[in-house]
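Engineer: sequence below, structure please.
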Amino acid sequence: MKYVLEILVVLTTIGSWMRMYLTGGGSLLSSRGLMSLKYYTTLSNIFAGIAAVIMIAVLARTKSGKVPVWAAVTKFASAVTVSVTFLVTLFFLAPTMGIGGLYKGELMFMHAVGPVLTVVSFFMNRDLPEMKPSSALWATLPTILYGGVYSANIMLNGVGSGMNTNDWYGFAAAGVHTVPFVYALMVLLTYLLSRVMRKVKR
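Structural biologist: Now for the predicted structure:
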């Protein structure tokens, strides 16, 4: 079952991104080619897909049945990262941008199906060792890095407009001066989410 879930994660995450890469998706928050990599959604799904591939390889080669800590932390971090994608889409982007375009085509898989499968595969994997509290920091790192670059780009280059906007998620809707506070809030919430998920997994 654990192999099946990991394979499904790869298909829904990497497969959906490849479709966006080739076609552009034609929906909200989707772009063709390398421009698709500007989205947290895309990067989090790719991360989840890579973590799933690693988990498949590790499970196939591990005779003891126990997964190495580094692989477990990678899986955990990917589950937290796509959970952020799922929750931000559901509770922030959908109310502000409209639910239709955010759950259309490949974005249905990247915003919902892929994240759910990733989280389920994480919690159902009984071969993962217990992770230290510091793993919550590692799980928060992708959000810290992406949010830092995203926020710095807005602060340095402005919001922009139309297709050239630097704020495709609308985090600067209340003004550029609020971006650092939004960034800090996102990092804090991601860290708290990782703490909760780690505790539930235990």
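
Engineer: OK, contacts around the spatially closest residue to Val113 that is not a sequence neighbour?
Structural biologist: Nearest non-adjacent residue to Val113, counting by C-beta to C-beta, 6 or more residues apart in numbering: Thr12, 5.2 Å away. C-beta here means a position set from N, CA and C on the backbone, and glycine is covered the same way. Counting by C-beta atoms under 8 Å, 6 or more residues apart in numbering, Thr12 touches 109, 113-114, 117.

Engineer: those residues into a markdown table, with extra columns for secondary structure and neighbour count?
Structural biologist: What follows is the contacts of Thr12, written out as a markdown table (DSSP: H, G, I helix; E, B strand; the rest coil; neighbours: other C-beta atoms under 10 Å):
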| residue | secondary structure | neighbour count |
| --- | --- | --- |
| Phe109 | helix | 22 |
| Val113 | helix | 20 |
| Gly114 | helix | 31 |
| Leu117 | helix | 23 |
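
Engineer: and the residue nearest to Val113, what's its pLDDT?
Structural biologist: Thr12 is assigned 96 on the pLDDT scale.

Engineer: ok now the helix or strand harbouring it, how far from the chain's centre?
Structural biologist: For Thr12, the host element (DSSP states H and E) is helix 2-23. How far helix 2-23 lies from its chain's middle: 13 Å, per C-alpha atoms, centre = their mean, to the nearest Å.

Engineer: and stretch 109-119, by the same measure?
Structural biologist: Using C-alpha atoms, centre = their mean, the offset of stretch 109-119 from its chain centre is 9 Å.

Engineer: now that stretch: mean pLDDT?
Structural biologist: 97.

Engineer: check stretch 66-85 too.
Structural biologist: 96.

Engineer: before we move on, what about stretch 41-50?
Structural biologist: Stretch 41-50 comes out at a mean pLDDT of 97.

Engineer: my guess is Ala71 contacts Ile54, does it?
Structural biologist: Yes. Contact status for Ala71 versus Ile54: in contact at 5.6 Å, counting by C-beta atoms under 8 Å.

Engineer: can you give me the end-to-end span of stretch 116-134?
Structural biologist: Stretch 116-134 stretches 24 Å from its first residue to its last (C-alpha to C-alpha, to the nearest Å).

Engineer: list the buried residues of it.
Structural biologist: Residues 116-119, 121-122, 125, 128, 131 are the ones in stretch 116-134 that count as buried (16 or more other C-beta atoms under 10 Å).

Engineer: ok, stretch 27-37 next?
Structural biologist: By neighbour count on 16+ other C-beta under 10 Å, the buried set for stretch 27-37 is 27-31, 36.

Engineer: name the nearest of those relative to Trp17.
Structural biologist: Proximity of the buried residues of stretch 27-37 to Trp17 was ranked by C-beta to C-beta; the top entry is Ser36 with 6.7 Å.

Engineer: the closest one contacts Tyr21, correct?
Structural biologist: Yes. Counting by C-beta under 8 Å, Ser36 touches Tyr21, with 5.4 Å between them.

Engineer: before we move on, back to that, separation between the residue nearest to Val113 and Ile46?
Structural biologist: Distance, Thr12 to Ile46, using C-beta to C-beta, to the nearest Å: 12 Å.
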